[in-house]
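J.: Here is my input; please provide its structure:
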Amino acid sequence: FFYFIYIIFHDIRRNSKHGKCENCNENNTQPAWCLTCDPDIIAQGWTSRNKDVDDCIRKFQLRANKYEDAIEWIPFDGLFDVKEIGKGGFGSVYSATWLDGIRNIDHNKNRARETSSTVALKTLSSTKENNFDFLKEFKNHVQCINWGSKLKIYGLTQNTETNEYLMVLQYADKGNLHKFLKTSFRELKWELKLKQLKEISYDLYQIHRAGYVHADFHSGNILQNQYSEKNIQSYVADLGLSKKKDEQKLNDEIYGVMPYVAPEVLLGGKFTQAADIYSFGVIMAEMSTGKRPFDEQEFGAKLAVRICKGERPEFAPGTPEFYVELAKKCMDSDPQKRPSAWDVYYKISVWFEDKNKIRGQFLDADKVIKTLPINSPSHPDHMYTSKLISTKLILNAIKEVDSTQIKLDISK
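T.: Model (predicted):
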């Protein structure tokens, strides 16, 4: 029924500027795209030889609103020069050249392809956390894109040697946010960092608006792509551990990067959208210092206890006080007191657009950055990939700390 209403709505939006549909001879609903005919056409004439994969791709093909957004099954023999460029907690990421290339609309409003496009490939892993549904990450990404999330997903493929399924997605030439900060921090102006935070918070808002919790939100899962000298775009990526906000459950074990995990989650509580906001606050601190949180501390029960007792990442000297205040609100121990993703996006947007007093405080902070010492990271990169965390061990450690404190108080 709802899809029928969707078709009628887009039927009203037919426009002669978009050209004529070759099948029904009506005006297209988008450039070179007829919503009534084209989704059915692209859903035919191919197969992955896996019914679940075929059904999943076709489901999204039938909902494609534009030619450029149509998801595809991409044969692996059409991908060349495959190179591993990263490894996470649940899989690897590769760069590749896609011979057919990314769909686009040319200046004459005709269908075209950006032949020999550079794309990224990400392995789709099944884990205890996602109930062995290896398509979950792909489904969640596409659903969020339908709501406005920016990272492009082009389709699925299967490595013919390993039989692994891979998601084919937009290649980000500047890598993840941590890598970007690590290599460019001293040269970065606050104006660019605010732009990045604005884009990240907006992407997170779209994920939340789609009804999802990211549940693995850290600087390694934020990608950077440079379109021109002055245009670097940030994207929230890696929805492998994401969940619908209403399908949460309490867990004795979770997956995550401990310094970014909200205290209530470390204590066995549910992953919520407010927990994502906590992680965003940690990222704000990281943008201030250029250093990953708690880099000099061991990631174990002792650190978890300190986080649950209120310890938070530091900020660089000279960071505007209102910026620190917002980050601390995001990292409030009470999830109910944290702002929403939209509130964060709105506030950062106001800062970004301001050309007077607020801008002056960030310009002053830019001068301080150049005087900060550059410290080599204490932990290797693999420490900041998602790992199993035992909330039961953390709860036991807190009980021991509280018990010791009570004994000390009594002895006084």
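J.: Please make it C-alpha for all contacts and neighbour counts, starting now.
T.: Noted.
J.: any low-confidence regions in the stretch 101-250 of the chain?
T.: For the stretch 101-250 of the chain, applying pLDDT under 70 flags the ranges 126-132, 229, 248-250.
J.: And the strands in it, which stretches?
T.: 102-105, 111-114, 117-123, 153-158, 165-170, 212-213, 222-228, 231-236, 243-244 (DSSP state E, counting those that start in this stretch).
J.: Tell me how far the biggest strand by length in the chain lies from the chain's centre.
T.: Longest strand of the chain, by residue count under DSSP state E: strand 79-87. Distance of strand 79-87 from the chain centroid (CA atoms, centre = their mean, to the nearest Å) equals 20 Å.
J.: Any idea how many residues pack against residue 47?
T.: A count of neighbours around residue 47, defined by other CA atoms under 10 Å, yields 16.
J.: is it true that it touches residue 54?
T.: Yes: using CA atoms under 8 Å, residue 47 is in contact with residue 54, at 6.3 Å.
J.: coming back round to it: include mean neighbour count and distance to residue 312 when you put the strands of the stretch 101-250 of the chain into a markdown table, please.
T.: Converted to a markdown table, the strands of the stretch 101-250 of the chain look like this (neighbours: other CA atoms under 10 Å; distance: least, CA to CA, whole Å):
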| stretch | mean neighbour count | distance to residue 312 |
| --- | --- | --- |
| strand 102-105 | 17 | 43 |
| strand 111-114 | 16 | 46 |
| strand 117-123 | 23 | 32 |
| strand 153-158 | 22 | 35 |
| strand 165-170 | 23 | 34 |
| strand 212-213 | 24 | 22 |
| strand 222-228 | 17 | 21 |
| strand 231-236 | 21 | 23 |
| strand 243-244 | 19 | 26 |
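J.: right, so of those, which gets closest to residue 371?
T.: When the strands of the stretch 101-250 of the chain are compared by CA to CA, strand 231-236 sits nearest residue 371, at 24.8 Å.
J.: Sheet-wise, list the partners of that closest one with their directions.
T.: Partners of strand 231-236 in the sheet, by DSSP bridges, are strand 222-228 (antiparallel).
J.: The strand it pairs with versus strand 165-170: what angle between them?
T.: Strand 222-228 runs at 40 degrees relative to strand 165-170, counting by axes from the mean of the first three to the mean of the last three CA atoms, to 10 degrees.
J.: Other residues contacting strand 222-228?
T.: Strand 222-228 is contacted from outside by 171-177, 180, 200, 232-237, using CA atoms under 8 Å, 6 or more residues apart in numbering.
J.: at 6 Å instead, please
T.: 172-177, 232-237 (CA atoms under 6 Å, 6 or more residues apart in numbering).
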